[in-house]
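Peer 1: This is a predicted model, with the sequence first.
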Amino acid sequence: MTGSTEVVGSNTGKTSLLIRRIIAYVVLIALVIISLLPFYILIINATRDKNQSGIRWYPDNQLSENWSKLFSGTTKVAFGSVYKALLNSLIISTCASVLSVYFSALTAYATYVYQFKLRKLADGFILLIMMVPTQASAIGFYKMMINMKLTNSFIPLIVPAIAAPSIYYFMKQYMQSSLPLEIVEAARIDGCGEFRTFNTIVAPILKPAFAVQMIFTFVGNWNNFFMPRLLLTDKDKYTVPLVLSAMNNAGPIETDVSIFYLYMVLAILPVVLIYLFLSKYIIRGIALGSVKG
């Protein structure tokens, strides 16, 4: 009698577990569909003619024509060079990401490894900088760039990105969880210099953190609209968000919705590729950087 009761209880538990799994999978599939549906509609609209209206669930045959229109001379006159905008955004985002991640990690390494008296003061100062929004200092920064004659240039969009307090704190937390000080001390005993220690020993350990912050920083700079709009006036130096804004604000005669959707697809594509190439580091980097082990 006891054995049959145990069998019934075991079967009931397995059935309950199966039901919970089915519900979980149904919910997850529904969330994936909801998340991907706007992108699917975006791609479909990029293949349609500008005169077509309403929602269509299958692609049309206007993709090649829309592509030709997008990179034609008329589009360049109206909105700036869409090709150069992609290149400009790629240059700014890549350079700003590499500089900010590397130098933030280098700063975090200095405050983590070296036991100097003003270390807590340095942490507090960096935290204070992080609490100041970009918009609050935008006017003063813009006037300074005018005085330095650096407006309409990529330099103000790249060099200030070196100071990234949020990346600094993430890197320092990651070092506390995954970088034993004994490794640095052993390198010093072997006669390895500080920069060589960081570049050859510490940096490989920080690869997951580098990948995570490269993704977030690249996406942030790629989507940045405020500072490029404030500093860039030459259409040949426009970034992708500026060109998309110009397309969106154009008059009804100049606006071709299908071209606008196609350019949005091209604007999203580099971000998707970055995520795909570096996705294996995301979970590991966030998990190690958020919990001190």
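Peer 2: Everything's here; your move.
Peer 1: which phi and psi does Arg48 have?
Peer 2: phi -100, psi 170 (degrees, to the nearest 10).
Peer 1: and it, what is it in contact with?
Peer 2: Residues in contact with Arg48, defined by C-beta atoms under 8 Å, 6 or more residues apart in numbering, are 56, 60, 62, 258. The way it works is simple: take the backbone N, C-alpha and C, and place the C-beta from them, glycine included.
Peer 1: Just put those in CSV and tack on neighbour count, distance to Leu128 and secondary structure.
Peer 2: Shown next, in CSV, are the contacts of Arg48 (neighbours: other C-beta atoms under 10 Å; distance: C-beta to C-beta, whole Å; DSSP: H, G, I helix; E, B strand; the rest coil):
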residue, neighbour count, distance to Leu128, secondary structure
Arg56, 13, 52, coil
Asp60, 16, 54, coil
Gln62, 17, 53, coil
Ser258, 22, 48, helix
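Peer 1: What ranges in the stretch 101-250 of the chain fall below the confidence cut-off?
Peer 2: Within the stretch 101-250 of the chain, the segments meeting pLDDT under 70 span 250.
Peer 1: where along it do the helices fall?
Peer 2: 119-131, 138-147, 155-158, 165-178, 181-189, 194-197, 203-205, 207-222, 226-231, 240-248 (DSSP state H, counting those that start in this stretch).
Peer 1: what comes up buried for the fourth one?
Peer 2: When burial is assessed from 16 or more other C-beta atoms under 10 Å, helix 165-178 yields the following buried residues: 165, 167-175, 178.
Peer 1: residues near Val26, how many?
Peer 2: 10 (other C-beta atoms under 10 Å).
Peer 1: Return the distance of it relative to Arg20.
Peer 2: Here the criterion is C-beta to C-beta, to the nearest Å. By it, Val26 lies 11 Å from Arg20.
Peer 1: Quick check, Ala161 in contact with Leu99.
Peer 2: Yes. The pair Ala161 / Leu99 is scored as a contact, 6.0 Å apart, by C-beta atoms under 8 Å.
Peer 1: circling back to that earlier point, which among the contacts of Arg48 gets closest to Leu86?
Peer 2: Ser258 (18.2 Å; C-beta to C-beta).
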